[in-house]
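Participant: coordinates only, sequence not included:
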Ligand code: TLP
């Protein structure tokens, strides 16, 4: 099977498993896991932040940050297809009691003018705007990179209105490799950043929140409340350390594969891909011209050995990653051709 459903499907490579098996560990609820402490310091430094906090998932990273930044009744500005709004099971409402003020972006990008227009005035009728949320890369928009110049303009608007800024950087590594902008520079305008090790970097489990020492202290408490305090988590942290040490530059290969796949699929009858949106490792296909539904095509591809996800009545998503080789991409293109031809 060539599994293009997500970059979360990767399995730990032998070197990673070895690092996990040999990890020095302790009880992290007592703050005594040396491997976990090392990961937190290392990745916080890579992102130019004072402190880091390891959490089990990208969703928990986002939701702990949301909770730490806000109070019930506050409002958070985010793009209308943001993962935290669409795919985190209503977490902002359930866990933080906040309102999401969604703004339609172009390829996942919202502008500083849109943010400024979405901020509520000081009026008893309105929820107070507290936080601006940016997703980089933007999953649903096709793995697009948020332009740094616009982030800086949004920061200026946020400063004028005393708002905090969070980046859902589940795939920040891909944004860094695609744009060539240092991680620290991308992260600088944000008060908090969440990153995942379990997507393109190929670790089995794990995400991290980075921010000021004070922010992380508060987030640490919310992680405990959300049930995210772990014990000998150094076994997981060792996989994440291996991932950041070995698997960042190779993301360029995944991006090349995605571009090749996108170009070949766009040329198939009835299929269209917004090629300009393919900046990293995610490809969305519009198959409405085939007269068949996304799920029908998903099933036909599965029978021939390619897994993708139908993300809408006429949309499919394919994601490239560590466990998909150049030959797999060529084979997948051939199978798509048979199914759609
Ligand atoms: N995204 C998953 C699915 O939930 C859709 C995927 O396969 O792409 N932020 C962003 C931008 C994400 O894409 C995801 C996962 C998360 C947060 C949540 O990470 P996990 O699933 O590890 O909690």
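Facilitator: Sure thing, it's come through. A quick note: this is a predicted structure, and the numbers were derived from the prediction, not measured.

Participant: alpha carbons only for contacts and neighbour counts from here, please
Facilitator: OK.

Participant: quick one: residue 183 from the ligand, how far?
Facilitator: Note on residue 183: its distance to the ligand, by Cα to the nearest ligand atom, to the nearest Å, is 17 Å.

Participant: can you count the residues close to that residue?
Facilitator: By other Cα atoms under 10 Å, 17 other residues sit near residue 183.

Participant: doesn't residue 44 make contact with it?
Facilitator: No: assessed by Cα atoms under 8 Å, residue 183 is found out of contact with residue 44, at 10.5 Å.

Participant: Could you list the residues of the protein in contact with the ligand?
Facilitator: Residues of the chain lying near the ligand by Cα under 6 Å from any ligand atom: 6, 57, 58, 59, 83, 138, 139, 168, 170.

Participant: Let's have the residues you listed in a markdown table, adding secondary structure and distance to residue 129.
Facilitator: Shown next, in a markdown table, are the residues of the chain next to the ligand (DSSP: H, G, I helix; E, B strand; the rest coil; distance: Cα to Cα, whole Å):
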| residue | secondary structure | distance to residue 129 |
| --- | --- | --- |
| 6 | coil | 33 |
| 57 | coil | 26 |
| 58 | helix | 24 |
| 59 | helix | 22 |
| 83 | helix | 20 |
| 138 | strand | 22 |
| 139 | coil | 25 |
| 168 | strand | 18 |
| 170 | coil | 24 |
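
Participant: Which one of the residues you listed sits in the busiest neighbourhood?
Facilitator: Compared across the residues of the chain next to the ligand, residue 170 has the highest neighbour count, 29 neighbours, by other Cα under 10 Å.

Participant: Which pLDDT value belongs to the closest residue to residue 111 other than its chain neighbours?
Facilitator: Nearest non-adjacent residue to residue 111, counting by Cα to Cα, 6 or more residues apart in numbering: residue 150, 6.4 Å away. The score at residue 150 is 98. That number is its pLDDT.

Participant: Residue 150 contacts residue 115, correct?
Facilitator: No: with contact defined as Cα under 8 Å, residue 150 does not reach residue 115; the gap is 10.8 Å.

Participant: The two: who's more crowded?
Facilitator: For residue 150 versus residue 115, the count of surrounding residues by other Cα under 10 Å is larger for residue 115: 21 against 15.

Participant: could you say which helix or strand contains the more buried one?
Facilitator: Assigned by DSSP states H and E, residue 115 falls within helix 112-118.

Participant: And that helix, what's buried?
Facilitator: By neighbour count with 16 or more other Cα atoms under 10 Å, helix 112-118 contains the buried residues 112, 115, 116, 118.

Participant: which helices and strands does that helix pack with?
Facilitator: strand 99-103, helix 148-160 (3 or more Cα pairs under 8 Å, 6 or more residues apart in numbering; DSSP states H and E).

Participant: Tell me which stretches of this structure form strands.
Facilitator: 2-3, 51-55, 75-79, 99-103, 129-135, 164-169, 192-196, 207-211, 282-286, 306-307, 309-312, 315-319 (DSSP state E).

Participant: Redo those as CSV? Include mean pLDDT.
Facilitator: What follows is the strands of the chain, written out as CSV (pLDDT from 0 to 100):
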stretch, mean pLDDT
strand 2-3, 98
strand 51-55, 98
strand 75-79, 98
strand 99-103, 98
strand 129-135, 98
strand 164-169, 98
strand 192-196, 98
strand 207-211, 98
strand 282-286, 98
strand 306-307, 98
strand 309-312, 96
strand 315-319, 98
